[in-house]
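Novice: model this:
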Amino acid sequence: MIKRNDILFSAGVLLLFLPFFLSGKVYETYTHLNHYHGFIMAFIKFAILAVIGEVIGLRIKTGNYTQPGFGILPRAVVWGFLGITIKFAFIVFASGTPSFLQYMGMQHAQAIFAGKLTAGKVLVAFTISAGLNLIYAPVMMTLHKITDTHILTTGGTLKGFLTPIPFAKILKGLNWDVQWNFVLKKTIPFFWIPAHTVTFLLPADFRVLFAALLGIVLGIILALANMKK
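Specialist: Okay, here's the model as predicted:
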């Protein structure tokens, strides 16, 4: 059932994106900052968009967009730094995977990936996405789950979050049935690899933005994962 808060939240998200469509100057400024300050922009995009996803996930689970101890600010900080690692991983895998494919016998893989849309380019993008999601994503997702647990157990405050994280204790207490059988085993092959295949078919300056938008989807997926408990 749609509530007043749903309308206000949707209007807020719309107002966040509207200037980029209505003002060419705003869009030009964004593309300039994105091109020359990619890591800073990755922090900002993930801090905002991925947290929006988590807020939507909370709405799915509880019917509310926030609650005591949820910790929007520390979640934004975590996602900002995860965004930096995602930007780094995109650079590494987008550069290294075509070289790997050439080593394995796919001639001109780098030129194919840089060229127009072809079946070969889709294959390269799929391979980049598979490598990224099979090697980097499980570590990132597990780290996110650890920080998420730490935020909740410290009351959702920034001060509490800045206390030492008991990694060993949290790792032992994770619901590995959900983390492995749903988050890793199902979402990676059936959602993230196809989704990031599309990501790597986009121009380089738009890949992190698209990935951050997928962070909204991640919030919904994690909400469903928690509900499976």
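Novice: From now on I want contacts and neighbour counts done on CA atoms only, so please keep to that.
Specialist: Fine.
Novice: how long is stretch 115-123 from one end to the other?
Specialist: Stretch 115-123 has its terminal residues 13 Å apart, counting by Cα to Cα, to the nearest Å.
Novice: Would you mark the buried spots in that stretch?
Specialist: Going by neighbour count (16 or more other Cα atoms under 10 Å), the buried part of stretch 115-123 is 121-122.
Novice: average pLDDT across that stretch?
Specialist: What stretch 115-123 shows for mean pLDDT is 96.
Novice: So that it lines up with my notes, have the first residue be 49 from now on.
Specialist: All right, first residue 49 from here; so that's stretch 163-171.
Novice: ok, and what's touching that stretch?
Specialist: Judged by Cα atoms under 8 Å, 6 or more residues apart in numbering, the contacts made with stretch 163-171 from elsewhere in the structure are 157, 160-162, 245, 249.
Novice: what's the answer for stretch 234-241, then?
Specialist: When contacts are taken as Cα under 8 Å, 6+ apart, the neighbours of stretch 234-241 outside the stretch itself are 174, 177-178, 181-182.
Novice: Buried residues, it. List them.
Specialist: By neighbour count, with 16+ other Cα under 10 Å as the criterion, the buried positions of stretch 234-241 are 235-236, 240-241.
Novice: Also stretch 85-99?
Specialist: Of the residues in stretch 85-99, those buried under the neighbour-count criterion (16+ other Cα under 10 Å) are 86-99.
Novice: cool, and stretch 194-211?
Specialist: Neighbour counts over stretch 194-211 (16+ other Cα under 10 Å) mark 194-200, 202, 204-206, 208-209 as buried.
Novice: Kindly indicate which of these lies nearest L56.
Specialist: Taking Cα to Cα as the measure, L56 lies nearest G204 of the buried residues of stretch 194-211, at 23.5 Å.
Novice: Quick one: distance of stretch 135-152 to the chain centre.
Specialist: Averaging C-alpha coordinates over stretch 135-152 and over its chain gives two centres that are 19 Å apart (Cα atoms, centre = their mean, to the nearest Å).
Novice: Only alpha carbons, please: show that stretch as CSV.
Specialist: Taking Å, rounded to 0.1, in the frame of the first residue of the first chain, the C-alpha atoms of stretch 135-152 are listed here in CSV:
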residue,chain,number,x,y,z
LYS,A,135,36.1,1.9,-9.6
PHE,A,136,39.6,0.4,-9.1
ALA,A,137,38.3,-3.1,-9.9
PHE,A,138,36.6,-1.8,-13.1
ILE,A,139,39.8,-0.3,-14.3
VAL,A,140,41.9,-3.4,-13.5
PHE,A,141,39.5,-5.9,-15.0
ALA,A,142,38.5,-3.8,-18.1
SER,A,143,42.2,-3.4,-18.9
GLY,A,144,43.5,-6.8,-17.9
THR,A,145,40.8,-9.1,-19.2
PRO,A,146,41.2,-8.2,-22.9
SER,A,147,45.0,-8.8,-22.5
PHE,A,148,44.1,-12.2,-21.0
LEU,A,149,41.8,-13.0,-23.9
GLN,A,150,44.6,-12.1,-26.4
TYR,A,151,47.0,-14.4,-24.4
MET,A,152,44.4,-17.2,-24.7
